[in-house]
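# Predicted model and sequence below, questions to follow.
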Amino acid sequence: MLTLLVNVIGLLLIAAIVWWFWLGPKRHTAESVSGSEKLQILVKDGVYEPDRIRLPAGEEATLHFRREDASPCAEYVLFPDLEVSAQLAVNRDTEVHIPAAEPGEYPFTCQMQMYRGTLVVE
Amino acid sequence: MAEHAKHEPHHDGGPLHRFQLEGVSCAGCVRKIESALQTVPGVEEARVNLGDRTLAVQGEVSAADCVAAVEGAGYGAEEIRASERELREQQRAEEQHHYRQLLWRAGLALGLGVPLMAWGLITGEMMVDSPMQQLVWGAVGLLALAVLIFCGGHFFSGALRAFRHHNANMDTLIALGTGTAWGFSMLVVALPQLVPEAARHVYFEASAMIIGLINLGQALEVRARGRTSAAVEKLLELQDPTARVLRDGSEVDVPLEQVQVGDRLRVRPGEKVPVDGRVLEGRSLVDESMLTGEPVPVQKAEGDALSAGTLNKNGSLLFEAEKVGAETRLSQIIEMVKNAQSSRVPIARLADRIAAIFVPTVMIIAIVAALVWFNWGPDPRAVHTLVVLTSVLIIACPCALGLATPMSVMVGVGKGAEYGVLVRNGKALQQASDLTTLVVDKTGTLTEGAPKLTDIETHGDSDVLLALLASLEQGSEHPLAEAVVAAARDKKLQLKSADDFEAITAHGVRGTVDGKTVLLGNRKLMQREKIDSDAWHERAEQLADLGRTAMYAAVDGEAAGLIAVADPIRDDAKAAIARLLQLGLRVEMLTGDSSATAEAVAQQLGIDRVHADLLPEDKEKIVGELQGKHELVGMAGDGINDAPALAKADVGFAIGAGTDVAIETADVTLMRSSLHGVADAIELSRATLRNIKQNLFGAFVYNSLGIPIAAGVLYPFTGALLSPVIAGAAMAFSSVTVVTNANRLRFFKPTEEGEK
Ligand SMILES: [Cu+2]
């Protein structure tokens, strides 16, 4: 009985992991910003918040990253497809200039890819 | 920009704003401004410094409100942005703070974990059998909980936050691993009857030890990471915090940020040039090695350009600021290096893809392994299940994988900057390491780019002949004529004016100097003028074979001798080419010159492939053709005429950072005007890529060995499972190892530059 219970729990956990991290619907905290507005992204506890940012296509923008995680993982933010990167200062805003880009999705991460976010240009 | 910037809380109170004041002249103004600010809500303290006319405001208040208050009192105020230097110092303080915090947490957690573990190892009594033991272990469990919260709270909060975002990271693994160990132990303590007797074992020491070790590992990592950015630090330190500006006739020291374009500045011997500018007065030797890698100091006099960060050696210079702040060459170099340091390398794509799915995968593996032990493992099954579950979660280290590439790129790119090699991004770095062919533009890269007089042969006095010829050529604009005139000037010969100057197309020139008829031109000119120059033919041909352009001279109808002009080969070109060949590259030369001249130069340098008689657009085509033959082509040029070819090549090396165009288009910019820079760049890129591969290999091996071992594949041979504590130690030190290995690149040195 206990054996069965433990096995069922284990399998359910696996299913839950697959669903939650990969398959399930991802609810993002999305925010859009136009070229002139100020958008602050909080870098804290392994998460960019918001982690989905909408930008109008063909316009430059400035994102303000506020890093509240002193661990070195959070030190850099990279937009590899846009060739943009920035070193983030602890406990203050760091401006990151995003060049005008084609519509599409551009992931951004920390160096180690622990922090992840998506820039949506549309 | 500034008006948007938020202000960071200081460790010692509210945010601090600083303003530059205008119109402040007396103590009365000071009081007026200070009291005006006291009425602004949120201001804790406002202080005016009359000496440098600044205002410091502390408190939760916006800069705009402060400016408004000052203006309301009848004065002007402008916010002073924190300087790069202050920012850096604050960041370093933060880092130091974080480091101490990590050590502190590690100490606390190990302080509980080590005695507990020692107790377990010595007495072997970690079982819960009696109510008394229940009580004691319960107390220990609460202590362990305190350690988890105080020393490992950030892992749990991070894991929770990430989880809510459907994300999982290292925190998740640590939180799950230590949480499971603690939860199981607490269950044993609270309700031992639920657990089979053999499994009534507590693992509080494991959770405390793991938290302690990982904090310790992170502390060491912070330390090691600090060193990876040493190169940029060094560049930043080239800037002094103040500059000596001439204001109202006197010299005043002002903070670097306040220097403006057009300011007149003074640099004394031994001081660094604070901003880019042009010399107005004085002469001095300036050491530019930090920017160009060129070891010999350069003489600077009126009208010469000065670059921020260079060192004034022996004279006092007065100069005018032309570029300040982020506009200076030094700032741009720093910016470029920083950008390249954090860019991605294509080779890491696989690692990136793995990293993206790593943590959930590990969680699944851990559950599967635990279930296998639970269903089919030997007794005590519950204990084995727990140990396997915890160990697998803890030993898997996504950070070693994630750090492998960025750390090496960081150190490698920084090291390049030290040698005057600026790499645009990680892709360029990787491609530079794979090059098979290097195409080199001759003019300006292999040669000086300006023709020089190389030979003068006459039966009489060579200086007399040279003076005559130079006097004749003064009026001509031909580049060869310039070489002749320049040679005469170098010898400080007296030039006279030439009369009846006449250029004879495709032949040469004729004129009268000092009453003598002077002719200078090719053999056809001599024949045309019926001058017997046969005695010089043989010598002329010898010179032509050496790649020089020989010209016949005649004075008053008599052959007087020969002069030869050539674009001289750079001193270090031969050694650099030898290095490149040594690196296994095929070197090909491109030039617009005639093939005879080109062949001669190529032969002297040891290059066996030459493309001569090229039009500028042909260069790009040749690069394309080579690429068509599946060669990975690097192109080295000065960036002015070669921009399209540089862009077309897999890696474009712009030699000599004189032109901004070059920096814009080239994949690699060489501050030094020497082909050695290309060899340095290739050696460095190869060393960096080797380092990246070591790191990636290490991380892959670590994880692909560590996870199965933690899952218990060695049990049949050793009869024991991997302790979660050992798993924690392995995990903590795997990322330290990666960073340390990357740091080894700091000892990179380009191979010797030959006999210099
Ligand atoms: Cu790790």
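Ah, there it is. Numbers count the residues shown, from 1 in each chain, chains lettered A, B, ... in the order given.

# To which secondary structure element is the closest residue to A:Leu63 other than its chain neighbours assigned?
Distances taken as Cβ to Cβ, 6 or more residues apart in numbering or on different chains place A:Val96 nearest to A:Leu63, at 4.7 Å, with adjacent residues excluded. For every residue, glycine as well, the C-beta is placed using N, CA and C. Element membership of A:Val96, judged by DSSP states H and E, is strand A:93-98.

# For the next helix or strand after that strand, name the packing helices and strands.
Per DSSP H and E, strand A:93-98 leads on to strand A:104-109 as the next helix or strand towards the C-terminus. Here strand A:104-109 touches strand A:76-79, strand A:116-121, going by 3 or more Cβ pairs under 8 Å, 6 or more residues apart in numbering or on different chains; DSSP states H and E.

# Which residues of chain B lie near the ion?
For chain B, the residues in contact with the ion (Cβ under 5 Å from the ion) are B:Met170, B:Cys397, B:Cys399.

# and the last one, how many residues sit next to it?
When you say that, I think you mean B:Cys399. Counted with other Cβ atoms under 10 Å in any protein chain shown, residues neighbouring B:Cys399 total 27.

# Check the second one too.
For B:Cys397, the neighbour count with other Cβ under 10 Å is 28.

# hang on, isn't it packed against B:Asn703?
Yes - B:Cys397 lies in contact with B:Asn703 (Cβ atoms under 8 Å); the separation is 6.6 Å.

# mind checking the SS state of the one residue in chain A that gets nearest to chain B?
With distances taken as Cβ to the nearest Cβ, chain A approaches chain B most closely at A:Met112, which sits 3.0 Å away. When classified by DSSP: H, G, I helix; E, B strand; the rest coil, A:Met112 comes out as coil.

# Pretty sure B:Pro406 is one of the things it touches, is it not?
Yes - A:Met112 lies in contact with B:Pro406 (Cβ under 8 Å); the separation is 7.2 Å.

# In terms of neighbours, single out the busier of these two.
B:Pro406 (29 against 26).

# Near the closest residue to the more buried one other than its chain neighbours, how many other residues are there?
Counting by Cβ to Cβ, 6+ apart, B:Pro406 lies nearest to A:Gln111, which is 4.0 Å off, once chain neighbours are set aside. Neighbourhood size, A:Gln111 [other Cβ under 10 Å]: 25.

# in chain B, which strand has the most residues?
Ranked by residue count under DSSP state E, the longest strand found in chain B is strand B:558-566.

# Let me see the mean pLDDT of that strand.
What strand B:558-566 shows for mean pLDDT is 83.

# Just checking: what are the partner strands of it?
strand B:452-458 (antiparallel), strand B:549-555 (antiparallel) (DSSP bridges).

# buried set for the next helix or strand after it?
Downstream of strand B:558-566, the next assigned helix or strand under DSSP H and E is helix B:573-582. Under the neighbour-count criterion of 16 or more other Cβ atoms under 10 Å in any protein chain shown, helix B:573-582 has B:Ala573, B:Lys574, B:Ala575, B:Ala576, B:Ile577, B:Ala578, B:Arg579, B:Leu580, B:Leu581 buried.

# residues contacting the first one?
Which is B:Ala573. By Cβ atoms under 8 Å, 6 or more residues apart in numbering or on different chains, the contact set of B:Ala573 is B:Thr445, B:Leu446, B:Thr447, B:Leu605, B:Leu675.

# repeat for the second one
By Cβ under 8 Å, 6+ apart, the contact list for B:Lys574 reads B:Gln604, B:Leu605, B:Gly606.

# repeat for the fifth one
Residues in contact with B:Ile577, defined by Cβ under 8 Å, 6+ apart, are B:Leu446, B:Val587, B:Leu605, B:Gly606, B:Ile607, B:Leu675.

# Provide a list of residues in contact with the first one.
Contact analysis of B:Leu446 by Cβ under 8 Å, 6+ apart lists B:Val440, B:Ile569, B:Arg570, B:Ala573, B:Ile577, B:Met589, B:Val601, B:Leu605, B:Leu675.

# looking at these, which has the most residues close by?
Taking other Cβ under 10 Å to define a neighbour, the member of the contacts of B:Leu446 with the most is B:Leu675, carrying 27 neighbours.

# buried ones in stretch B:336-343?
Buried residues in stretch B:336-343, counted by 16+ other Cβ under 10 Å: B:Met336, B:Val337, B:Lys338, B:Asn339, B:Ala340, B:Gln341, B:Ser342, B:Ser343.

# hmm, back to that, just flag the most distant two among the buried residues of helix B:573-582.
Across the buried residues of helix B:573-582, the longest distance by Cβ to Cβ is 12.5 Å; it joins B:Ala573 and B:Leu581.

# Make JSON lines from the contacts of B:Ile577 and add secondary structure and pLDDT to it.
Listed next are the contacts of B:Ile577 as JSON lines, based on DSSP: H, G, I helix; E, B strand; the rest coil; pLDDT from 0 to 100:
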{"residue": "B:Leu446", "secondary structure": "helix", "pLDDT": "82"}
{"residue": "B:Val587", "secondary structure": "strand", "pLDDT": "91"}
{"residue": "B:Leu605", "secondary structure": "helix", "pLDDT": "85"}
{"residue": "B:Gly606", "secondary structure": "coil", "pLDDT": "85"}
{"residue": "B:Ile607", "secondary structure": "coil", "pLDDT": "86"}
{"residue": "B:Leu675", "secondary structure": "coil", "pLDDT": "86"}
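
# Go through these and name the one nearest B:Gly158.
B:Leu675 (50.0 Å).

# What residues does the residue nearest to that closest one when sequence neighbours are not counted make contact with?
Nearest residue to B:Leu675, sequence neighbours excluded (Cβ to Cβ, 6+ apart): B:Ala576, at 3.7 Å. Neighbouring residues of B:Ala576 by Cβ under 8 Å, 6+ apart: B:Ser674, B:Leu675, B:His676, B:Val678, B:Ala679, B:Glu753.

# Check B:Ala681 too.
By Cβ under 8 Å, 6+ apart, the contact set of B:Ala681 is B:Gly416, B:Val421, B:Val423, B:Ala432, B:Phe653, B:Val668, B:Leu670.

# Okay, and it sits in which element?
B:Ala681 belongs to helix B:676-711 when elements are defined using DSSP H and E.

# gap between that helix and the chain center?
Relative to its chain's centre, helix B:676-711 lies at 19 Å (Cα atoms, centre = their mean, to the nearest Å).

# Listing request: residues of chain A with sub-threshold pLDDT.
A:25-38 (pLDDT under 70).

# about what we covered before: distance of the residue of chain A closest to chain B from B:Arg223?
Distance of A:Met112 to B:Arg223, given as Cβ to Cβ, to the nearest Å: 17 Å.

# Can you give me the buried ones in stretch B:287-298?
Using 16+ other Cβ under 10 Å as the test for burial, stretch B:287-298 gives B:Asp287, B:Glu288, B:Ser289, B:Met290, B:Leu291, B:Thr292, B:Gly293, B:Glu294, B:Pro297, B:Val298.

# could you dump the residues you listed to CSV with distance to B:Pro644 and pLDDT?
Below are these laid out as CSV (distance: Cβ to Cβ, whole Å; pLDDT from 0 to 100):
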residue, distance to B:Pro644, pLDDT
B:Asp287, 35, 87
B:Glu288, 30, 82
B:Ser289, 32, 78
B:Met290, 32, 75
B:Leu291, 27, 75
B:Thr292, 26, 70
B:Gly293, 27, 66
B:Glu294, 28, 69
B:Pro297, 36, 84
B:Val298, 31, 84
